[in-house]
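Undergrad: show me how the following folds:
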Amino acid sequence: MPVTHPEVSMHAPARRTAALAALPLAAVLLAACGDDSPSVAAGSASAASTSSATSTSSSSGMASSSAAPSTTASSASTSSAAAGATTRDPGSILRTSKASANGAKSTHVNGDVVDDGKKMNVDARGQVQGSNQEVTVKTQNEGTITIRSISNTHYVKGDRTYWTKQGAPSTTVSRLANKWVKAPADKSDSFSQFTIKKLLGDMTEGFDDSKITRLNTTVTGTTSGATKALKLAPRFSSDTTTITVVDDPKYLPLQIVSGDGTVTMSEWDSVPMYAAPPASQQVTIPGAA
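TA: Predicted coordinates for the structure are as follows:
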């Protein structure tokens with residue numbers, strides 16, 4: 001009787017991770033500028049819709065990755081893989097890793113990903129719960145935007161390209177570019193989704209630990225810098241997604257590599273607190289609290 005091997009793709013919704021950080025910022029701030037600025041809410045809704053669709057696809061199971069570039073999983077020799085292989089259960093490792101990340105105090109997440117065919121870098125550093133953090137999104141053609149959150153107060157800084165692409169008048173662009181803008185107090189809820197906890201959750205929700213077993217996933221000992229680590233990779237799937245975690249009881253995640261890009265995690269529980277931007281680097285927008 002032939003033996004069949006269940007295949008599982010470890011493809012994570014990296015595109016959703018990238019899209020998260022750039023949704024309603026311009027709509028919130030331009031509304032407070034006092035200028036006759038065009039609304040960008042429709043664009044934000046479109047991005048949110050794309051994110052939701054990605055989430056639905058991912059949560060239904062491990063969707064197969066359409067991109068399969070060569071990675072370390074395919075380049076490692078058979079003998080090297082065998083030498084570093086372990087018998088630890090990958091499902092249990094992943095389950096513990098997600099719980100540890102969710103319960104951590106702080107971290108630094110950085111990723112170069114592709115969203116709708118566009119390259120994007122997302123850099124989020126601070127408290128996992130979002131009470132003190134800074135998130136920067138750099139896009140290929142849309143500019144750079146940074147959000148710094150101090151408790152329930154949020155400061156936003158965009159470059160000229162970002163504000164111009166959002167349709168802001170030239171006078172507003174000149175006023176806001178590369179300066180920190182304090183978001184209106186009544187708009188704080190609009191920033192609730194920009195937490196590192198949510199970012200981590202969106203990155204890992206596509207990884208169903210109940211479907212990842214020794215039959216379909218390998219666990220290989222490796223290193224990440226000077227840190228002993230474990231790499232989880234599909235055993236039979238053509239998908240090249242891999243997850244690397246710290247080799248200790250918490251299994252905190254260190255890196256996710258997929259066809260959509262690479263996301264790294266570091267500085268677990270060691271990120272210092274951010275202070276509010278200096279007054280000299282802030283600009284006041286009429287109507288903002």
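
Undergrad: residues touching the closest residue to residue 232 other than its chain neighbours, list them.
TA: Once flanking residues are discounted, residue 232 sits nearest to residue 243: 4.5 Å by CB to CB, 6 or more residues apart in numbering. For the C-beta atoms, the positions are set from N, CA and C on the backbone; glycine is no exception. Going by CB atoms under 8 Å, 6 or more residues apart in numbering, residue 243 touches 10, 94, 97, 207, 231, 232, 233, 253, 255, 256.

Undergrad: quick check: which element contains residue 203?
TA: According to DSSP states H and E, residue 203 maps onto helix 196-204.

Undergrad: tell me what the one helix or strand residue 102 maps to is packed against?
TA: Secondary structure assignment for residue 102, by DSSP H and E: helix 90-103. Packed against helix 90-103 by the contact rule (3 or more CB pairs under 8 Å, 6 or more residues apart in numbering; DSSP states H and E) you find helix 196-204, strand 217-224, strand 227-234, strand 242-246.

Undergrad: pick the most deeply packed of the ones you listed.
TA: Comparing the helices and strands packed on helix 90-103 by mean neighbour count (mean count of other CB atoms under 10 Å), strand 242-246 comes out on top with a mean of 24.

Undergrad: the helix or strand following it - contacts with which helices or strands?
TA: Downstream of strand 242-246, the first helix or strand assigned by DSSP H and E is strand 253-258. Counting contacts by 3+ CB pairs under 8 Å, 6+ apart, strand 253-258 packs against helix 196-204, strand 242-246, strand 261-266.

Undergrad: so can I have a markdown table of the ones you listed showing mean pLDDT and distance to residue 218?
TA: A markdown table is the format used below for those (pLDDT from 0 to 100; distance: least, CB to CB, whole Å):
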| stretch | mean pLDDT | distance to residue 218 |
| --- | --- | --- |
| helix 196-204 | 84 | 19 |
| strand 242-246 | 95 | 9 |
| strand 261-266 | 93 | 19 |
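
Undergrad: including distance to residue 125, could those go into CSV?
TA: Below are these laid out as CSV (distance: least, CB to CB, whole Å):
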stretch, distance to residue 125
helix 196-204, 8
strand 242-246, 18
strand 261-266, 9
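
Undergrad: what does stretch 105-114 rub up against?
TA: 14-15, 17-18, 101, 119-128, 196, 199-200, 203, 256, 260-271.

Undergrad: surely residue 209 is in contact with residue 99?
TA: No - the pair residue 209 / residue 99 is not scored as a contact, 9.9 Å apart, by CB atoms under 8 Å.

Undergrad: neighbour count winner among those two?
TA: Using other CB atoms under 10 Å as the criterion, residue 209 and residue 99 rank with residue 209 on top: 19 against 13.

Undergrad: neighbours of residue 188, just the number please.
TA: Neighbours of residue 188 (other CB under 10 Å): 16.

Undergrad: sec struct for it, please.
TA: helix (DSSP: H, G, I helix; E, B strand; the rest coil).

Undergrad: could you check how far it is from residue 154?
TA: 6 Å (CB to CB, to the nearest Å).

Undergrad: measure residue 157 to residue 199 for me?
TA: Using CB to CB, residue 157 is found at 19 Å from residue 199.

Undergrad: mind listing what's buried in stretch 268-280?
TA: Residues 268, 271, 274, 277 are the ones in stretch 268-280 that count as buried (16 or more other CB atoms under 10 Å).
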